[in-house]
Structures are given as structure tokens and as C-alpha cells.
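[1] Predicted model, plus sequence, below.
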Amino acid sequence: MRGAAEAAARIGAALGQRVVVLLIVAVAVFALLEVAKGDAVDAYLAQTGGGDAGYAETLRQSFGLAGTVPDRLFTYLGRLVRLDLGTSVAFGRPVTQVLAERLPITLILMGSALLITSVVGTILGIVASRRPGGVVDTLVITVALVLNATPGFLVALVGLLVFAVMLRWLPVGGIGTIGRAEGSPALDMVRHLVLPVSTLALTYLALYVRVTRAAMIEMAGADMVRTARAKGLGGRRLLLRHELRPALMPIVTLIGVQGSAMLGGSVVVETVFAVPGYGSLAAMAVAQRDTLLLAGVVLSGAVLVVAVNALVDILYGVIDPRVRLAGAAGRG
Amino acid sequence: MTFALSRRTLLASTAAVALPSWLRVPAAFAQTKGGTLVVAADTEPRSLNPAIVASNGVFYVASKVVEPLAEMDYQTGLRPLLARSWDASDDGLSFTIHLREGVTWHDGEPFTAADVAFSAMEVWKPLQNLGRVVFKDLETVDTPDDHTAILRFAVPTPGQLIENALPALTSVLPKHVYADGDIAENPANLEPIGTGPFKFAEHKPGEFYRLVRNEDYWEEGKPYLDEIVYRVLPDASAKSAAIETGEIDLTAFSAVPLTDLARLEATDGVTVIPGGYEGITYDLTVEINHRNPILANVDVRKAIAHAIDRNFIVDVIFLGYARAATGLVPASAEAFYTDDVTLYDFDPAAAEALLDEAGYPRGSDGTRFSVSLRPAPWFNESRAAGDYVKQALQRVGIAVELVSADPGGHIKAVYTDHDFDLAIGTPVWRNDPAISTTVLYQGGLPPGVPFANQYGYDSAEMNELIAAGASEVDPAARVAIYADMQRLAADELPLLPLVEFTFTTVARERVQNVANNPRWATSGWADVWLDA
């Protein structure tokens, strides 16, 4: 019982901390867009053309931009407490509704990219670590680094040109064939997602390769592996249980960190491939000065990152039982 | 005429005389019914109500659903749509519209004069971005019967102006849908209900809009297409890839980079069509802040005009898809255009002489004075023009600091804060000088009115001409007033018109009847069909 109460207190404290972080994020996003020159009405007028003297003022009233900045911030925070994210100026609809439409595709895109990049990166890292400095190692590291150093939009455009335009294997963009559908919708969606997912995955591959490789090389010289080998252990069992398992700790940590970085990388990929996810939404919200929408994207993105990290915490325990035992004593 | 004509615009400007090749569909050719036309869309407007937001982005989708009273036409000037005919009274106080009979809304209700009266009084005049200017003196709309609407004005309003405003400013909304509640919040703004050839079917945000054929359209046998799908493709390269692979049939508004056009033209089954946008011609201008005492000197402005090579902008930046401008009325607007104005040839030596005489000699570092320049960020070409103008002015000794911002920031800086010396602007011509052109010269506007005179220029003579044009009911006299205005503008140079440009459409060859009116991309597409 005492253990459970302690655990609950610990989770409570962790949650409290995260709520404070989210609150700071919300205020910061609001302030940033208020500092930027031009408001939602200016951005709207740039798109729709002019009007007369009273037109901009009428728009400001109907967009809910009439009050002072602190007034609007307090109204916003007041709503936020009730989990109401307000109305998007660019869409003219509730922010939660706009976010909900984009959430599934965002999860699919980032989830599969994260999965592919971590699994493939880990495997390549293991392969490279078998013979440090060998031909395979050099090749893997070089390719991964070149991909890492190439801007995302370039990888995206080259992929588009080669696989969609020249070879015609894959569609140019979107997440489904519209108007000319044939075959199963699920397969159609997979075909549409191949290019955006692999572009996103390739960009982040290098980190996994390098972290895995380093950890594996380090483990290969570790006492426990030497002991295991001395006991006569070898082959796959030694590799997976004794070398890879401890090496997984930094890889899993990386997944937690990369979850948020990928949200940034998806801005470019989603724009090029016309994927209606959080990345393109965030870019649009900034261009439209849609403060509440951007705050909504950032806040729900932050929640996603917090969730991924919670998952990582659990994974730590699965990989290394000592973490579970030590948890109550130190980690928070 | 000293300005140069490019090959492309020569083609376009002769459209009224001999039809350009892409329009010459053999008469005996039978139109195929059916099929889905897939076109690219860059943006998803927050509202699809063209009666409230008269803008190209909205019209591109909504003009197929919600119709105006009349549409522009290459042969007859205007083609009647919901109006059969119209006539203005001699005193300019009333404008009578005879409406088409037997038209129904997409929900089955009959279309009547009450819908026109409601749209005019409750929407165009109080809410519409352009209508607030043109219909400001509209007092009431009489409906003596179900198919006659008489607009009554408080002061004389030129029938010519109202007629020219019919295509863009008179989208008619169904009164029975909008009568109750806040018009701006009506759900039909997102899922429009109109009388047009296509009905709104669905919108998947971030993915597509889908329109389907209106089986009960008033024009017998039309539309030809079963469906129009607008695929949201924000990236320009993705658009050209999609048209190359045939995933989409058409992109409008020069959505494909100009540099891709030659490659696409050479692609099998793809054609580049330069016409169909004359009714929405843009001007590339240098906007000038007269609050800067140096730029308030007309000789300095003339020097700047001489320092810039318009033909370079046409050939290098627009790759020939533009023409040098003589003023803010485009040459394609034959009714109003005059080239009998002062012209400023490219002549850097003359520019330097003018600057010397104005009292701004080159300093020891070769610089006369320095200015900031804000290029409008929304067109590739307006950004590139900023780079060119900077170089051109530096050649005559004017140091230029380029300042970039995104669209929202640019609008605020130039049109509200006046935080600029020079800017590259892109005002649009909308079929009559009084709709969106005279505001660029009119003095005394409050800060915050965009795409208007925020330049600190205020000339009594110019203001009088603008006021006279806005109330002159005799068409010939009105044209003469605007000719005087173009001459005065060329003499005083409150802002510099550089080149006029329209857009191109890239389409698969199987799409027929493309670009067959001067507002094609923003018209109804009832006659568009797909060659099997």
C-alpha cells in the first residue's frame, strides 16, 4: 500500500510539472505570435485583397481580435483550463475540431517514420559495429551521415522526382486517390505514405545508426560480455541478450527525444507531399497568424511528446529491471 | 507606342480579333459528357462565400456553385447569367436588372428577385470587401415582380461601373438560407448553396473539395462534367509533378513555377495556356512613401522610373509572360486604356542627370542616398523584382536595403505602419478603375486600408478626378475622366507601374474549353469537357 501511495504521489508530481510546462508553452506561443508583425486580419487581407476603411476593423471584430493582448491572453488561458482551445481564425472552426481531423494522419506518419527509422537504424548500427572500420561499417556510416546532412526538402523532392515522376511507381502527393480510386483504400493510403514516411525516416536514420554502433562496440568490450563469452556463450544469444539489451537504453532515449524533433521535420515533408498533418497545419497557422490554432498544435504536440516519453519510461523498465526497482528511490 | 510587346501577350491581346489557337475548337466536334476533372488548389479559404469575399481564391472553387448576375465574355463583353438583361437610368439613380426565369437553387427553392435584393442590401453593400466601395450609395432594392430587381442609389452612380462590377461583385445568395441569424456564421459559407452548374458535395480539409453536376442547371445540356475535384497541393514542384504524371488535369493561377513551363510544354499530353485572365490583370509596381522628403520630389521619382528596365523584368523575371505597363489601367482593358501618357524609357544616364539636378549628387562612396525596399512576398516574381530593382537603383547611385517579411507582416508594415521607403506591390485590375484602381491614388485614406494609397500622396487635382469618375453617369465622359487621370498619374508618378501580368494555366490536353473567357479560372466552367 505504501508503495502504491508513493507511486501515485510521484506520478502526481510528474504530471504537475508537465502541466506547468504546458502552461508556459501556451503563453510563449501566444506571446510569440503577438510580437510578430501583422495579425490574422493582415494575413487574411494579403490573401483576399483589399477593402474600404472600415473593412479591416469589421474583420477584427468578427475574428475576435478586438481586445487588448493581455485581455485576449487571459480569455485564452481561462478557456484552456476548461480544455477549450478556442476558434481557429484561418478555418473559422473550433481548434479542437481542426486538430482532431489531422491527428490520425499525424500519428500514422510520425509513428511509422519513428518505427522504421529506429528499427532500421538499430539493425544497420549492429551490422556496422561487427567490424568497426571495415568496408560495411564505413559504407553504412557514410550513407547515414550524407542523408542526415541533406536538407529534408531535398530528399523529399528527389524522392518525388525519381519514384513518382520518372518511375511512376508511387503517387505524387496526398493521402489517397481522389475521384479515380481503384483497389483497396488501405493499400492506396500505404502507397501514398511510402514517400513521406521514408523521407522523414531517412533524415533521422543516422542518429540511430551512430548511437547503436557506439553502444554495441562499447558493450562488445564490456566485462559481462567477456564473462559470457568465457562461459561459452556465443552467436545470436550473446548478441541479443547480452550486447543489444543494454545498448537499447540510449536508443530508446533517442526515440523520446526524436519524437519532438520529427514534429519539426514533418513541416517540410507534409508540405511537399500534401499530407494534411500537424506539420503543414503549424506552418499554415504561423503564416495566417492563427494564434489559437498554433497554440493548439504546439500544446497537443507537447502532449504527444510527453506521452511518448512516458512510453519510453515504461520501456526503460522492460529493458532494465533495475530501473523499476530504483524508480522509487531516485528517478522522478 | 514605345513599350515592347512580348510574343505571348501579343497573342493574348489579339484575342478579340482572331481567336487564339487554343480556342479554335472545331464546330462539328461533339462534346463528351461526363468524367471527373481533377484540378490543383493551393489554399483552402476560410469561407467559400463569394458574395462576402470577392477574391480569386474563393471564386476558383465557389464560382462553380454560386453564380453572379453576369460573366465576362471575349466577344460580347458580358454574358448574362442570372440576369437576362440590365439597364441604367440616365440620372444614375437606378439600375434595373431583369432576371432569368425558371432557375432553382440547389435545394430546390425557386430563385427570385428577393434573393438579389437580399444579397445586395444585406451582403454586397455591408459585408463584401469590394462591394462596400462600389455599392456604398445603394439605398434600396425594389422588386416590382419576382424577376425584376431595381437597385436605387442615393447619389448618381455610373451604370458603367455597376455593369463592370457584375462578374466579380454580384454573386447571389439564397435568401431563404441566409435570412435568419448571422450571415458571417452561416454554415452555407463552408458548404455553399447556389444556382451554378455544380453543387457542393464535400470538403476534406487538407485533402480535397468535391463538386458534382447540378442536374437541374438552367442552361440546357450543361454542365458537361460529372464532377470537379480540387486537390489541395500547396507545393509548387508537387503541382508540376502531379500534372506531368496525370494525377491532376489542370493547375491555374500560374501555380507551377514559370521555369517549369518550358519542360511541361514539351511533355506529352500537357499544354501551357497563357490566356483567360485578362479580367484580373495584375500590375507590378514600385510603391513609394512620400513621407520620405527625398521621394516626395517628383524628379527623384522620375529618375527611379528611368533607372528601371521594364523589358528586363518582362523577359528575365516573367520569361515573356508579361508586358511593360504605361499606367495602372492594363492595355487589355480597351474601354479605359490610353497610351497617350508620359512614358519613361530605360535611361540610367537621364536618371543620374535628374538626381544630380534634384540636389542628390553621388557622394564620395558613389552613393546619393539610401532607401529601404520591401518586395511583396506572395509572388516569386514580386520577390525577384525586388532583387532587380535594388540592383537597378544601385547602378544610379541609390543604395537599397531589402527588407523581407511574410504576407501578414508585409501588409502591416506597408499599409498600416508605413514602415517603408519603397515597396514592390501587385495591385489587381478588376474591370473598372473605380473598383480597385483609383484607391491607389486617392488621398486621405486612413491607415490600415490595404492595396490602397498609403503612400502619403494627396493631390487635390487627382482627388477631384477620382470623385468625378465615381459619379459621372455618361460612359464616354467617364472614360475621358479616367484618361485624364492616367495622364496625371504618369506626370506625378505617385507610384510606378512597371509591368502588367496575368497568369497561365497548365492543363492536360484532354481538358477542353479552357481559358475561353477573361475570368476563366474564376468562372462557372459549365462548358468544360473532357476529351476521352
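    Arrived safely. Here the structure is a predicted model, which means the values were calculated and not measured.
[2] Flag the shaky bits of chain A, pLDDT-wise.
    For chain A, applying pLDDT under 70 flags the ranges A:1-4, A:7, A:10-11, A:179-182, A:323-332.
[3] can you count the residues close to whatever residue of it ends up closest to chain B?
    Taking C-beta to the nearest C-beta, chain B has its nearest neighbour within chain A at residue A:276, 2.3 Å off. Quick note: C-beta positions are derived from backbone N, CA and C, even for glycine. Neighbour count for residue A:276, taken as other C-beta atoms under 10 Å in any protein chain shown: 23.
[4] List the contacts of the closest residue to it other than its chain neighbours.
    Nearest residue to residue A:276, sequence neighbours excluded (C-beta to C-beta, 6 or more residues apart in numbering or on different chains): residue B:206, at 2.3 Å. Residues near residue B:206 by C-beta atoms under 8 Å, 6 or more residues apart in numbering or on different chains: A:101-102, A:274-277, A:280-281, B:44, B:232.
[5] Filter those residues down to the ones in helices?
    A:101-102, A:280-281 (DSSP state H).
[6] Among those residues, which one lies nearest to residue A:166?
    Among the ones in helices among the contacts of residue B:206, residue A:280 lies closest to residue A:166 (C-beta to C-beta), at 25.2 Å.
[7] Would you check that my belief about that closest one contacting residue B:233 is correct?
    No - Residue A:280 lies out of contact with residue B:233 (C-beta atoms under 8 Å); the separation is 11.2 Å.
[8] The two - which one has more neighbours?
    Set residue A:280 next to residue B:233 and count neighbours by other C-beta under 10 Å: residue B:233 wins out with 29 against 25.
[9] Contacts only, for the more buried one.
    A:172-174, A:274, B:40-42, B:239, B:242, B:248 are the contacts of residue B:233 under C-beta under 8 Å, 6+ apart.
[10] before we move on, what SS does the residue of the stretch 101-250 of chain B found nearest chain A have?
    Here the stretch 101-250 of chain B gets closest to chain A at one residue, residue B:206, 2.3 Å apart by C-beta to the nearest C-beta. Assigned by DSSP: H, G, I helix; E, B strand; the rest coil, the conformation of residue B:206 is coil.
[11] do the same with the one 5 residues further on
    Using three-state DSSP, the structure places residue B:211 in strand.
[12] Any part of stretch B:60-78 near chain A?
    No - for a cut-off given as C-beta under 8 Å from any C-beta of the partner chain, stretch B:60-78 has no contacts with chain A; the smallest distance is 12.0 Å.
[13] can you give me the end-to-end distance of that stretch?
    This stretch, stretch B:60-78, spans 19 Å end to end (C-alpha to C-alpha, to the nearest Å).
[14] before we move on, what about stretch B:74-86?
    19 Å.
[15] Not counting it itself, show me its contacts.
    Under the contact criterion C-beta under 8 Å, 6+ apart, stretch B:74-86 has outside partners B:15-16, B:19, B:67-73, B:95-100, B:103, B:111, B:116, B:163, B:166-167, B:172, B:195, B:516-518, B:524.
[16] Quick check: most distant residue from the centroid of chain B.
    Using C-alpha atoms, centre = their mean, the residue of chain B lying farthest from its centre is residue B:364. It sits 45.5 Å away.
[17] so where do the strands sit in the stretch 101-250 of chain A?
    Under the criterion DSSP state E, counting those that start in this stretch, the stretch 101-250 of chain A carries no strands.
[18] where does the stretch 351-500 of chain B come near chain A, residue by residue?
    Within reach of chain A by C-beta under 8 Å from any C-beta, the stretch 351-500 of chain B has these residues: B:378, B:405-413, B:416-417, B:428, B:436, B:439, B:445-446, B:448-452.
[19] if we go to 10 Å?
    Contact residues, the stretch 351-500 of chain B versus chain A (C-beta under 10 Å from any C-beta of the partner chain): B:376-378, B:405-413, B:415-417, B:419, B:427-428, B:430, B:435-436, B:439-440, B:444-452.
[20] Write the PyMOL selection for whichever of the contacts of stretch B:74-86 are buried.
    Those of the contacts of stretch B:74-86 that count as buried under 16 or more other C-beta atoms under 10 Å in any protein chain shown are selected in PyMOL with:
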select buried, chain B and resi 15+67+68+69+70+71+72+73+95+96+97+98+99+100+103+111+116+163+166+167+172+195+516+517+518+524
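[21] Filter the contacts of stretch B:74-86 down to the ones in helices?
    Reading helices off the contacts of stretch B:74-86 with DSSP H, I get B:116, B:163, B:166-167.
[22] Contacts only, for the residue of chain A closest to chain B.
    A:101-102, A:105-106, A:109, A:174-175, A:270, B:44, B:204-208, B:232, B:234 (C-beta atoms under 10 Å, 6 or more residues apart in numbering or on different chains).
[23] Tell me the one of those residues nearest residue A:42?
    Taking C-beta to C-beta as the measure, residue A:42 lies nearest residue B:44 of the contacts of residue A:276, at 19.0 Å.
[24] close enough to count as contact, the closest one and residue A:88?
    No - between residue B:44 and residue A:88 there is no contact under C-beta atoms under 10 Å: 11.7 Å.
[25] Overlap in contacts, these two.
    residue A:284.
[26] who has more neighbours, the two?
    Legend: neighbour count by other C-beta under 10 Å for residue B:44 and residue A:88, higher for residue A:88 (26 against 22).
[27] Not counting its neighbours along the chain, what's nearest the more buried one?
    residue A:293 is the one closest to residue A:88 (C-beta to C-beta, 6+ apart), at 4.2 Å.
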